[in-house]
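Undergrad: take a look and give me a structure for this.
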Amino acid sequence: MHTITIRVPDELETRLDNLVRKTGRTKTFYVRTALEQFIEDREDYLLAVDVMERDEPTISLDELERNLGLAH
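TA: Reported below is the predicted structural model:
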């Protein structure tokens, strides 16, 4: 495992400290969780952009739901 050092504004540090005190979790837990979620979201976004840039045929969500028999 590796260590990363970051600088954060005082307000963010205070909010993180409050969260740690209220929940009993560690700063490491919250920072790791936030970083994992950010990376997952960014990866999903970049994959979606890649698909859209290929200019392949697409269908709407409504059409997909109809095709799958999930329409309301």
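Undergrad: and the helices in the protein, which stretches?
TA: Counting by DSSP state H, the segments of the chain that form helices are 10-23, 27-53, 61-67.
Undergrad: pLDDT (mean, whole number) over the shortest one?
TA: For helix 61-67, the mean per-residue pLDDT is 94.
Undergrad: dump it to PDB, restricted to CA.
TA: Extracted C-alpha coordinates of helix 61-67, given in PDB (Å, rounded to 0.1, in the frame of the first residue of the first chain):
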ATOM      1  CA  LEU A  61     -33.900   4.900 -22.600                       C
ATOM      2  CA  ASP A  62     -37.600   4.800 -23.400                       C
ATOM      3  CA  GLU A  63     -37.000   2.700 -26.500                       C
ATOM      4  CA  LEU A  64     -34.700   0.300 -24.600                       C
ATOM      5  CA  GLU A  65     -37.300  -0.100 -21.900                       C
ATOM      6  CA  ARG A  66     -40.000  -0.900 -24.500                       C
ATOM      7  CA  ASN A  67     -37.700  -3.400 -26.200                       C
END
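Undergrad: list the buried ones in that helix?
TA: By neighbour count on 16 or more other Cβ atoms under 10 Å, the buried set for helix 61-67 is empty. The C-beta positions use only the backbone N, C-alpha and C, and glycine is treated the same way.
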